[in-house]
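A.B. asks: Have a look at this fold, sequence not included:
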């Protein structure tokens with residue numbers, strides 16, 4: 001979109017061509033997969049649709065609660081009818097536009113219910129190890145009358161996602177835009193002018209001071225670890241040259257607290273989950289958007305989250321932590337972060353400032369979405385439960401569901417074999433040896449793709465040779481630049497045009513000869529060509545044999561008469577010219593539009609002769625590193641569920657399986673097991689649920705261990721199932737959160753006593769939000785004829801109703817009038833609009 005009317009008090013936004021194209025497809029009722037860089041204006045397509053008078057109901061899904069609240073406030077200010085649904089918060093859910101976290105839409109989608117339009121913002125989450133299965137389910141099961149708009153800038157193969165949606169019977173258009181609205185340039189930190197930072201101490205303060213002095217501010221720094229983000233923010237606050245202090249209102253000071261006040265006055269701010277929501281959304285983010293801050297130091301959550309950018313971005317490290325794991329930033333995550341450089345309408349370009357031995361812009365790139373081996377157990381059991389209520393076959397409905405998922409091949413659920421065993425013998429140990437399977441099912445054929453990586457070979461596709469690649473030695477080349485591509489064509493001999501990498505091969509087919517005696521400009525067809533004609537017309541149209549079977553033709557009519565037939569006569573070759581040498585006339589044939597069969601790889605390239613290998617299939621048993629002797633690595637999904645008590649011998653969901661299906665990931669296993677222990681009081685259990693999504697940060701508050709955790713491990717042993725159990729506990733389970741929730745509910749004024757270097761106010765707030773989200777999920781789950789479940793729902797509804805915050809957006813302090821004006825650092829005043837760089841390398 002282009003900004004018009006900059007000299008006036010308003011801006012007229014003119015959509016770019018790709019935005020107009022996407023909008024046109026939406027108005028035509030089609031699904032749209034929209035690929036464009038961060039900050040290019042993908043959301044503007046949706047806003048144009050709403051502002052144009054569209055009358056349908058839309059659900060706009062985002063990855064995080066914070067982003068949902070941010071979007072909702074932004075659109076409320078425009079006067080839209082907006083609601084929010086984020087698990088912990090259900091505000092005006094029947095509004096024309098509901099901003100929601102995607103998981104809240106899973107249940108209604110499985111019931112076949114949906115809005116007129118569902119927007120999946122940041123759909124690269126489809127590849128997320130934990131949450132990707134929920135995105136997959138919503139996209140696979142969206143009702144046919146619900147339009148889909150998928151948006152991302154960090155997916156390398158959006159066409160694969162579009163193809164998958166089309167395979168489920170949807171009408172999809174792909175709209176791609178590769179150009180950033182604000183160009184991005186990489187600058188080495190040691191190339192920045194140093195005359196502003198000579199007296200500055202500290203590595204990061206020197207770099208940020210130099211950037212501000214070169215007119216590259218404000219600066220957004222990404223520090224993947226929380227403590228590192230706080231440390232760098234403190235270094236900048238004390239190390240940067242002084243600037244005009246930021247004045248805060250009394251309400252803002254009360255919200256900020258002493259530590260954050262000191263940083264904000266120096267126009268520096270940290271941004272991480274340890275800060276509570278009001279501090280992030282009510283202070284740091286609006287001040288950053290208004291241009292009041294010189295630098296923000298964020299953890300990785302901001303990269304794919306909050307809707308603001310700064311002029312320059314620095315990524316300070318590659319490593320970050322998720323629960324007990326330490327991970328490295330992926331290339332697509334780096335792309336999201338560097339993509340925050342450059343503010344549309346404010347900056348002519350953005351800057352990726354690279355410190356020594358730190359991530360570079362060249363490391364940032366989109367990643368292809370690949371089908372995973374996981375399937376969402378909860379959704380699958382919900383489908384089976386619903387099928388049973390409708391007197392349909394639960395196992396058949398499960399197979400139908402699995403066939404719609406984002407997969408190269410059907411998901412092996414194993415129900416047929418499981419039911420056969422159960423019918424034969426009531427109790428039979430699971431056979432884990434592979435000799436009882438058809439050996440052909442144990443092998444897959446893989447091919448070497450265009451990036452020289454092995455991937456599963458799919459079925460052949462029909463393509464034009466101009467679009468294909470041919471393997472020569474150790475490299476892939478355009479197919480028609482290789483003589484071997486046409487070696488099997490039985491039509492004349494090879495000819496070549498161009499040299500080196502620009503060469504293209506075709507075939508040269510002799511067709512006629514000038515008679516030895518000159519005769520009125522006529523030529524005689526060669527016997528070989530006449531034979532080729534006879535064979536063709538005998539099969540295609542015998543009536544034309546006589547017309548085209550004569551020997552002598554005028555030179556002028558030769559091309560006109562026979563040109564259209566060459567693709568059929570010469571395996572797809574098209575006539576480009578007639579050439580004469582020594583009285584022999586030959587047809588030069590181009591094979592660019594000739595059809596052949598090849599194999600498409602995950603990059604979308606078509607390969608004619610990929611190297612192949614056979615590999616033993618890796619059976620995707622959910623059990624890994626399990627101490628249970630009853631199930632091995634070859635256990636099927638059906639056998640796994642039976643072992644965990646989720647289905648009975650008939651393949652139907654049990655009471656435990658039904659409760660489990662109401663939840664996400666492994667938390668339902670814990671709730672079901674806890675309900676089965678009738679000695680566990682509901683009043684005690686409902687607070688212990690706070691541990692289910694708590695992670696590691698509350699460990700110091702844990703007492704002797706939660707009863708909930710003990711019940712889980714007693715029921716499930718030391719079993720590990722990817723995404724569902726880790727040594728018998730849900731993967732995000734963490735002791736101590738329940739104690740923190742009880743303490744703060746009883747003594748809210750004493751919550752500061754709980755904090756340490758690891759645990760902050762934002763962690764406690766998140767624990768409360770996740771707990772309330774679980775209560776809301778239980779309160780709105782289906783009814784069930786089980787006294788314990790009914791009691792849990794009653795208690796959850798009671799606690800949810802006392803939570804007034806769950807029905808309205810949190811109130812945030814407004815910015816002061818002076819804070820709405822863009823601040824210019826003292827280091828930048830009087831300088832040129834473009835940065836001053838001493839040297840680049």
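C.D. replies: Here it is on my side, so go on. This one's a predicted model, so the numbers in the text were calculated from it and none came from an experiment.

A.B. asks: Break the chain down into its structural domains.
C.D. replies: For the chain, automatic domain parsing gives the domain ranges 2-176, 184-370, 490-590, 653-807.

A.B. asks: Quick check: end-to-end length of the longest one?
C.D. replies: Counting by Cα to Cα, to the nearest Å, you get 28 Å between the two ends of domain 184-370.

A.B. asks: Assess the claim that residue 120 and residue 136 are in contact.
C.D. replies: No: at 11.0 Å, residue 120 and residue 136 do not qualify as touching, with contact defined as Cβ atoms under 8 Å. Yep, even glycine has a C-beta here, placed from its N, CA and C like the rest.

A.B. asks: returning to what we had before: of the domains of the chain, give the one that comes closest to residue 420.
C.D. replies: domain 653-807 (19.6 Å; Cβ to Cβ).

A.B. asks: Contact partners for residue 34?
C.D. replies: By Cβ atoms under 8 Å, 6 or more residues apart in numbering, the contact set of residue 34 is 22, 42, 45, 149, 150, 151, 152, 175.

A.B. asks: ok, now which ones touch the closest residue to it other than its chain neighbours?
C.D. replies: Ranked by Cβ to Cβ, 6 or more residues apart in numbering and with sequence neighbours excluded, the top spatial neighbour of residue 34 is residue 151, at 4.7 Å. Going by Cβ under 8 Å, 6+ apart, residue 151 touches 34, 36, 42, 43, 45, 119, 120, 121, 122, 123.

A.B. asks: same question, residue 366
C.D. replies: Going by Cβ under 8 Å, 6+ apart, residue 366 touches 153, 154, 155, 156, 331, 332, 335.

A.B. asks: and if you look at residue 310?
C.D. replies: Residues near residue 310 by Cβ under 8 Å, 6+ apart: 217, 218, 219, 220, 288, 296, 340, 341, 343.

A.B. asks: so what pLDDT did the second one get?
C.D. replies: So that's residue 218. What the model reports for residue 218 is a pLDDT of 94.

A.B. asks: pretty sure it contacts residue 309?
C.D. replies: No: at 9.6 Å, residue 218 does not count as touching residue 309 under the criterion of Cβ under 8 Å.

A.B. asks: contacting residues around residue 353?
C.D. replies: Neighbouring residues of residue 353 by Cβ under 8 Å, 6+ apart: 187, 188, 189, 192, 207, 211, 216, 219, 312, 313, 314.

A.B. asks: Put together JSON lines for those residues, with distance to residue 762, neighbour count and secondary structure on each row.
C.D. replies: Below are the contacts of residue 353 laid out as JSON lines (distance: Cβ to Cβ, whole Å; neighbours: other Cβ atoms under 10 Å; DSSP: H, G, I helix; E, B strand; the rest coil):
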{"residue": "187", "distance to residue 762": "33", "neighbour count": "21", "secondary structure": "strand"}
{"residue": "188", "distance to residue 762": "34", "neighbour count": "16", "secondary structure": "strand"}
{"residue": "189", "distance to residue 762": "30", "neighbour count": "18", "secondary structure": "helix"}
{"residue": "192", "distance to residue 762": "33", "neighbour count": "27", "secondary structure": "coil"}
{"residue": "207", "distance to residue 762": "27", "neighbour count": "23", "secondary structure": "helix"}
{"residue": "211", "distance to residue 762": "28", "neighbour count": "28", "secondary structure": "helix"}
{"residue": "216", "distance to residue 762": "30", "neighbour count": "27", "secondary structure": "coil"}
{"residue": "219", "distance to residue 762": "23", "neighbour count": "25", "secondary structure": "strand"}
{"residue": "312", "distance to residue 762": "26", "neighbour count": "28", "secondary structure": "strand"}
{"residue": "313", "distance to residue 762": "23", "neighbour count": "26", "secondary structure": "strand"}
{"residue": "314", "distance to residue 762": "23", "neighbour count": "28", "secondary structure": "strand"}
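
A.B. asks: And for the closest residue to residue 755 other than its chain neighbours, the neighbour number?
C.D. replies: Nearest residue to residue 755, sequence neighbours excluded (Cβ to Cβ, 6+ apart): residue 761, at 6.8 Å. Residues lying near residue 761 (other Cβ atoms under 10 Å) number 18.

A.B. asks: Spit out the contact partners of residue 761.
C.D. replies: Residue 761 is in contact with 274, 275, 276, 279, 751, 755, counting by Cβ under 8 Å, 6+ apart.

A.B. asks: Could you report the pLDDT at the closest residue to residue 816 other than its chain neighbours?
C.D. replies: Spatial nearest neighbour of residue 816, excluding adjacent residues (Cβ to Cβ, 6+ apart): residue 249 at 5.5 Å. pLDDT, residue 249: 94.

A.B. asks: Isn't residue 249 up against residue 817?
C.D. replies: No: assessed by Cβ under 8 Å, residue 249 is found out of contact with residue 817, at 10.5 Å.

A.B. asks: Of the two, give the one with the bigger neighbour count.
C.D. replies: More crowded of residue 249 and residue 817, by other Cβ under 10 Å: residue 249, with 13 against 7.

A.B. asks: now the strands for the stretch 151-300 of the chain?
C.D. replies: With DSSP state E, counting those that start in this stretch as the criterion, the stretch 151-300 of the chain has strands at 172-176, 184-188, 219-222, 268-271, 295-298.

A.B. asks: how many other residues sit next to the closest residue to residue 552 other than its chain neighbours?
C.D. replies: Spatially, and ignoring its direct neighbours in sequence, residue 552 is nearest to residue 522 (4.7 Å; Cβ to Cβ, 6+ apart). Residues near residue 522, counting by other Cβ under 10 Å, number 16.

A.B. asks: Would you quantify the distance from residue 522 to residue 547?
C.D. replies: Distance, residue 522 to residue 547, using Cβ to Cβ, to the nearest Å: 17 Å.

A.B. asks: now residue 780
C.D. replies: Relative to residue 547, residue 780 is positioned 77 Å away (Cβ to Cβ).

A.B. asks: These two: who's more crowded?
C.D. replies: Between residue 780 and residue 547, counting by other Cβ under 10 Å, residue 780 is the more crowded of the two (15 against 10).

A.B. asks: ok, back up a step: quick one: the strands of the stretch 151-300 of the chain as a markdown table, columns for distance to residue 793 too.
C.D. replies: Output for the strands of the stretch 151-300 of the chain, formatted as a markdown table (distance: least, Cβ to Cβ, whole Å):
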| stretch | distance to residue 793 |
| --- | --- |
| strand 172-176 | 40 |
| strand 184-188 | 51 |
| strand 219-222 | 42 |
| strand 268-271 | 37 |
| strand 295-298 | 39 |
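
A.B. asks: Fine, thanks again, bye for now.
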